[in-house]
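Visitor: give me the fold of what follows.
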Amino acid sequence: MPTLSVSRRHFGLAALSLFAGSTLMHPGAAHSSENLSNVTLRVATYRGFDTTLLPAAGLDNFPYKVEFSEFNSGNLIAQAINANAIDIGTWSEIPLVFAAAASALISVVATIDGPTSNQAVVVPVGSPAHSIRDLRGKKVGYIRSTTAQYFLIRMLQQADLTLSDITPVALGLSEGLTALKSGSLDAWATYGYVIPMIEADGTARVLQSAENILSGHYFIGASPARLSDPAFVAAAADYINRLGKAYATAMQDKPRWAHILAPVIRIPEKIILSDLEAENRPYRIRPWTGADITSAHAVAKIFAEQKLLPEHIDLKNLFSNALTPFL
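Guide: Predicted coordinates for the structure are as follows:
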């Protein structure tokens, strides 16, 4: 019998963004001759995602064991894979470049194309700020080594400002929300369902969206130490394909998915549905390409210009073709 267990280790609040995928090969198609009953996949997830979606889609009948741990940002997932605590997880370009700079032991095995419409700098409803330029000298929170840090830097550049023109405060997701609500932040760079949630309850408003700043490229990473094991590769490919099929199924019926997700992440169903319907592009899982590496290098260059990363980080060696034939 397949085993699905959820670790009780929770790494902060749920990541409040949604990954979805296109229909890929039928689950089990990769390495169908492999005996996977002795394989265990340690999968990083976000609350309301894999552990909710896969059972809802009837795709949790794994021929291998799966152990889930919850995280709230991709940088923590990359760190966990590097520490050999997790086998598979997802992150954006930003955790990838920081992981590369730290010589982390991670491998990118697939790309997720997704929307960028759920990421923004927000300010309290009563804030006098009407543009990023108005944040000069203000205290601005962000989530370190994530898209939030990146798009904050880019927005400041567009306004002819730098990080030195504001007081940047690195906070986790839950800490940032608490700080904004308590009035100790003048603005907050954040992402996901938290944005429409705080808009709906009158806490904050969007100052500027990152929709036209971010590439919309996300990555599925794996532990390189396990990619030499054919059984692990077979199980990982099967899992990713199941996830892609489940997300595609969910996106075909967004009201149903919003109804399933609402009680899990404790956000009103109408807010989830509104956010799903506002996405500027669909999610799609695919093999990575050279263009993905080029895009990530462009991100690394921005951080290098800010003296936050060294120059000339080589990302190419972090990309693995181990799962490409099966995606």
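
Visitor: and Glu277, how many neighbours does it have?
Guide: Using other Cβ atoms under 10 Å, the number of residues around Glu277 comes to 10. Glycine gets a C-beta too; all of them are placed from N, C-alpha and C.

Visitor: now do the contacts for it.
Guide: Contact analysis of Glu277 by Cβ atoms under 8 Å, 6 or more residues apart in numbering lists Lys254.

Visitor: give me the pLDDT for the nearest residue to Thr324 once chain neighbours are set aside.
Guide: Of all residues beyond its chain neighbours, the one nearest Thr324 is Pro287 (4.6 Å), with distances taken as Cβ to Cβ, 6 or more residues apart in numbering. Reading off the confidence values, Pro287 has pLDDT 96.

Visitor: next one: Asn82 from Val125, what distance?
Guide: Separation of Asn82 from Val125 (Cβ to Cβ, to the nearest Å) stands at 40 Å.

Visitor: report the contact partners of the residue nearest to Thr324.
Guide: Pro287 neighbours (Cβ under 8 Å, 6+ apart): Ala110, Thr111, Leu323, Thr324, Leu327.

Visitor: how about those in CSV, adding neighbour count and distance to Ala225?
Guide: Below are the contacts of Pro287 laid out as CSV (neighbours: other Cβ atoms under 10 Å; distance: Cβ to Cβ, whole Å):
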residue, neighbour count, distance to Ala225
Ala110, 30, 18
Thr111, 21, 22
Leu323, 23, 15
Thr324, 15, 19
Leu327, 19, 21
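
Visitor: okay, who's weakest in those by pLDDT?
Guide: Ranked by pLDDT, those bottom out at Leu327, which scores 90.

Visitor: quick one: that residue and Ala237 touch, right?
Guide: Yes: counting by Cβ atoms under 8 Å, Leu327 touches Ala237, with 6.7 Å between them.

Visitor: next, Ala129: secondary structure please.
Guide: Each residue gets one of three states, and Ala129 gets coil by DSSP: H, G, I helix; E, B strand; the rest coil.
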